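*Asks:* sequence plus the predicted model coming up.
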Amino acid sequence: MSVAEQPMPRARMLGRTKAAWVIFALAALLPAFAALTNDPFLTVIGTRILAFAIAAMALDLILGYGAMVSFGHAAYIGFGAYSVAILSRYGITDISLHILAAMAVSAVFATITGAISIRTRGIYFIMITLAFGQMAYFFFVSLSAFGGDDGTTLADRSTFFGTRFLESDLSLYYVTLAILIGLFLLASRLVMSRFGRVLTGTRENMTRMEAVGFRPFRYQLTAFVISGCMTSIAGVILANQAEFISPAFMSWHISGELIVMVVLGGIGNLTGAIGGAVIALLLEEIIGIFTHHWKLYFGIILILVVLYSPGGVSGLVERIRGPRK
Amino acid sequence: MTNLFILQLLNGLQFGVLLFLIAAGLTLVFGIMDFVNLAHGVLYMVGAYLMATFVAMTGSFTLGMLLAIPAALVFGLLVEYLVIRKLYHRSHLDQVLATFGLVMIVSEGVKIIWGSAPLSVPVPELLSGSIALVGPLQYPVYRLAIIATGLLAALMLYLLVNHTRIGMLLRAGATNQRMVAALGVNITRLFTMIFAFGVMLACFAGAMVAPILSVDTGMGESVLILTFVVIVIGGIGSIRGAFLGALLVAMVDTLGRTFGPILLRMVMDSSDASQVGRTLAPMLVYILMAAILFAKPDGLFGRKTT
Amino acid sequence: MRRTFLLAMLGATCLSGAAMADDGKLKIGLIYSLSGPAAALGDQARNGFLLAAEQIGDMGGMETEIIVVDDERKPDLAASRARELVERDEVDFVVGPIFSNVLIAIHKPVTESGAILISSNAGTSNFAGEECHPNFFVTSYQNDQNHEVMGAYAQSQGFDNVFLMAPNYQAGIDSLNGFKRSYTGGVASEIFTELGQLDFSSELGQIAAFQPDAVFTFMPGGMGVNLVKQYTQAGLTEIPFLSAFTVDETTLPATQDAAVGFLGGATWAPDMDNDANRAFVSAYEAKYDHVPGTYAMQAYDAAQLIDSAVRAVNGNLGDKDALRAALRAADFESPRGDFSFGNNQYPIQDFYLVQAVKREDGKFQTSIVEKIFEDYQDNYAALCSME
């Protein structure tokens, strides 16, 4: 897999961090906008968008920085979603425990499948992660206690440290935004750390990293596990947002859409992934207002972005703003 | 039981040659042009839709096929000229994004033109009905015809790649693209040819299955993933690998669905066996791929990636 | 996600996203599978409902707005669209869906919001029994019932070695259970296929190997089309083919002669002999140029049901108790003849054996062979605590 982008200068990185804060600020204002336009349902949609932003950002961590294009990341969304359903069924309702369980399951799955997958490169890596994703998918499809293929309705949302705080769409929205911001700060620190630089190094030149004494495998695997765990948090949120859980969360379509979001936004900078998720899902909503055939126009936009804006939307933004001093 | 086994072997073979027809184009495009084409599945779908349209129009299977293939070819060339050509030298991720867009456009376009209800194509009179195999076993003639044409296509492809000048260029292109260009071969034209050829094979496959499957807007996507599994198992760029991979995937899938539960019933009780069988059957193909890639990270006949 | 096309009925052209609940308008959301291999089923249901709406004019004497959404047969998507219908569009009624898995997904968001959910096709066992809900009505049947009809028929024919096959989802599992409830003979094999599977060669191979007395299956939509065609191509027509929701007016245009003579169980067929039915079938064929199936008829009745109830309460949609009572009265003339609701708000009606035939005009339809059950109620009603 050839990843064209060069390591990013620090100034540009800061610019993109600023862009991320603009997105967060706008997101914080969304409920007010919804109230003004008398359309409170916007926050419900907003929660879904922010949850996907978390998943896309988590994928970018390995896709953009480690050149590991995982085509099975939807599995982790599923682990998160099913953690909510399964634990709730057995009376464990708190979101903190749901997240903990989701991350634990994801960590185990990511460690095992990651250790096998990282042996391969390029398209082979893409396909082997797909294979593991599909195995997880079919496991839940056959889980008839939770509706199998059909999925199951959540009786109630997760409790929030014992309270029913999350039953309100508005509070769920802000909790999601807070989690997104928290994970963004965490991920930003991670990629700037020594760990992040070694990871970027493996992307650029594996042999050289080995030559200078690093063991890329351990760094790649750690990143893979962290990314899986982060993605599962998105699953916990999506389950609460939809109050419905089904294996559809884990299908390869979702894995593919996550990749599209990351590439659309621009790989290798966390803001791009967040922006990509927001733009992709917003476009879907907005075009959907005007035409039933939104997919047609969305497809055209994707092609235009690739043909005329290398580096995705963040590349475009940079060119519009001109070269930075 | 033996009868059932023979029957499933034939079914597996039929599914296998079909997968091969689609996979051959994909593996060539990927192997030689280093181009990830997610839109390959929808080209197969377009083939089936064109077939349905032309058969309905002319009332003849043969005429329908003779019109559908060139029409599909024109469509493929148009797509190549408008989009694909501009992406040859871009990163794989850019290609994924753009061809993902293509998938959306074509799927939705097909829905607009042909509606979302599935279409059907009648089996040609000559090939309808079934013939007796051993004992009470019957097998549809049309499926035998698919097996025969599929194998014939595989043979022709083998001769083309290994015994003609174009085939030599193909093999050379797969090994070292720059060298071929340096020797004065027009790479763009070679690429266009390869792409068109892949489109034609996929459309041919789509046209052939139209009478046994209903033609609908989801058919391209479901086959795409399996096709990628096939070429990855076989090793990117290898026609031989694609052939073997296709048969392997099809056999494992077909036989696993039938005999998995039967075998499981020998070691556990009946209801558990059918439950476990149902869980494992759709996973088998992926378990196969993961196992092969674990043992051979570049597929069965793949070149070492660097 | 407003992938909906708004249908402005009779001058009702208000398209604003968020309307008030009590604006003197009757708002109805239709949720059907309108794309994918099963699109024909959803199309028929939508057509049936819109035909009734057009014939009635102002439904329930009120200005009517109908919003049609596509669930794409995906439960997760359906749950979010249904929620959007009740929360964003604030509809009074949700009508649909085709598939049971979709019904299970949309039941909670719709009924809990206070809107009335009328299923014009799917009728799962859970909502007929313990999970019955005052805001949930069914104008079709309980899923098991058509299969029970076929079981009773197989029993009466003295079959003792029947091959059972259904897709692996709730309705498929219900179907085989329903069949076995009224059939006590032997079972050659019982297999579940993947939902949406289109190539049945491996299953047909097993049928050929087992040589059963009969095959019973449940394969709605495109799956049924393929199965029937492949069944005939594989030369298996000697083995009687019993089915429900597999050979009907949505699949016959595609299977054509391949299905003629195949047997099914149903509550109705287009050739049913009563005035209401003749009027319905001729109006439907005139407007849409194809033969209506049960999906269309049941949705047509759902529209008649809403109209009758809203009229009975004089458009006072706020009084839910009165509205529910009016709905339970089922005061309309169904093309299928006798129709009433049981305590669980599922229908009590007659069931027939039907057979696919070719009409004189070259079109295909099902035709009634004999009545199997009279005033038949489902087996779960006793589990429902509603009176």
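*Replies:* Happy to help now that I have it.
*Asks:* now the strands: where do they sit in chain B?
*Replies:* Secondary structure of chain B, counting by DSSP state E: strands at B:130-132, B:138-140.
*Asks:* quickly compare these and say which is most buried.
*Replies:* Greatest average neighbour count among these goes to strand B:138-140 (a mean of 23), per mean count of other CB atoms under 10 Å in any protein chain shown. Placement of C-beta: from N, CA and C, glycine included.
*Asks:* can you list the low-confidence ranges for the stretch 1-150 of chain C?
*Replies:* Judged against pLDDT under 70, the low-scoring parts of the stretch 1-150 of chain C cover residues C:1-23.
*Asks:* at 80 instead, please
*Replies:* C:1-23, C:35-38 (pLDDT under 80).
*Asks:* make a markdown table from the strands of chain B and add distance to chain A and mean pLDDT to it.
*Replies:* Rendered in a markdown table, the data for the strands of chain B read as follows (distance: least, CB to the nearest CB, whole Å; pLDDT from 0 to 100):
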| stretch | distance to chain A | mean pLDDT |
| --- | --- | --- |
| strand B:130-132 | 32 | 77 |
| strand B:138-140 | 29 | 78 |
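*Asks:* tell me which of those strands lies nearest to residue A:114.
*Replies:* Nearest to residue A:114, of all the strands of chain B, is strand B:138-140, at 45.1 Å by CB to CB.
*Asks:* packing partners for the closest one?
*Replies:* The contact analysis (3 or more CB pairs under 8 Å, 6 or more residues apart in numbering or on different chains; DSSP states H and E) places strand B:138-140 against strand B:130-132.
*Asks:* give me phi/psi at residue B:89?
*Replies:* Backbone geometry at residue B:89, expressed as degrees, to the nearest 10, gives phi -100, psi 20.
*Asks:* that one - how many residues pack around it?
*Replies:* Applying other CB atoms under 10 Å in any protein chain shown, we find 9 residues neighbouring residue B:89.
*Asks:* same thing with residue C:114?
*Replies:* The local packing of residue C:114 (other CB under 10 Å) involves 11 other residues.
*Asks:* repeat for residue C:364
*Replies:* Other residues near residue C:364 number 22, with proximity taken as other CB under 10 Å.
*Asks:* do residue A:291 as well
*Replies:* Counted by other CB under 10 Å, the residues lying close to residue A:291 total 13.
*Asks:* any chance of the backbone angles for the closest residue to it other than its chain neighbours?
*Replies:* Sequence neighbours aside, residue A:297 is the residue nearest to residue A:291 in space, at 7.0 Å (criterion: CB to CB, 6 or more residues apart in numbering or on different chains). Residue A:297 adopts backbone torsions of phi -70, psi -40, taken as degrees, to the nearest 10.
*Asks:* where do the helices of the chain begin and end?
*Replies:* Using chain A. Under the criterion DSSP state H, chain A contains helices at A:10-36, A:41-66, A:74-89, A:95-117, A:122-141, A:169-192, A:194-204, A:206-211, A:216-242, A:252-265, A:270-290, A:294-308, A:312-321.
*Asks:* you looked at the wrong chain, it should be chain B
*Replies:* Listed in chain order, the helices of chain B (DSSP H) span B:2-33, B:40-58, B:61-82, B:92-114, B:141-163, B:165-175, B:177-182, B:187-209, B:219-234, B:239-267, B:270-280, B:284-295.
*Asks:* save these as JSON lines, and put in mean pLDDT and mean neighbour count too.
*Replies:* Listed next are the helices of chain B as JSON lines, based on pLDDT from 0 to 100; neighbours: other CB atoms under 10 Å in any protein chain shown:
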{"stretch": "helix B:2-33", "mean pLDDT": "88", "mean neighbour count": "24"}
{"stretch": "helix B:40-58", "mean pLDDT": "94", "mean neighbour count": "24"}
{"stretch": "helix B:61-82", "mean pLDDT": "93", "mean neighbour count": "17"}
{"stretch": "helix B:92-114", "mean pLDDT": "91", "mean neighbour count": "22"}
{"stretch": "helix B:141-163", "mean pLDDT": "90", "mean neighbour count": "16"}
{"stretch": "helix B:165-175", "mean pLDDT": "79", "mean neighbour count": "17"}
{"stretch": "helix B:177-182", "mean pLDDT": "77", "mean neighbour count": "14"}
{"stretch": "helix B:187-209", "mean pLDDT": "89", "mean neighbour count": "22"}
{"stretch": "helix B:219-234", "mean pLDDT": "90", "mean neighbour count": "25"}
{"stretch": "helix B:239-267", "mean pLDDT": "88", "mean neighbour count": "21"}
{"stretch": "helix B:270-280", "mean pLDDT": "75", "mean neighbour count": "17"}
{"stretch": "helix B:284-295", "mean pLDDT": "92", "mean neighbour count": "19"}
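*Asks:* for residue A:32, find the nearest of those.
*Replies:* Residue A:32 sits nearest to helix B:92-114 of all these, at 33.3 Å, using CB to CB.
*Asks:* quick one: distance of that closest one to the chain centre.
*Replies:* Remark: helix B:92-114 is offset 18 Å from the chain centroid, using CA atoms, centre = their mean, to the nearest Å.
*Asks:* cool, and stretch C:50-63?
*Replies:* How far stretch C:50-63 lies from its chain's middle: 21 Å, per CA atoms, centre = their mean.
*Asks:* repeat for stretch B:31-39
*Replies:* 14 Å.
*Asks:* how many other residues sit next to residue 286?
*Replies:* Chain wasn't specified; assuming chain A. The tally of other residues near residue A:286 (other CB under 10 Å) stands at 12.
*Asks:* chain C was what I was after
*Replies:* When neighbours are counted by other CB under 10 Å, residue C:286 registers 9.
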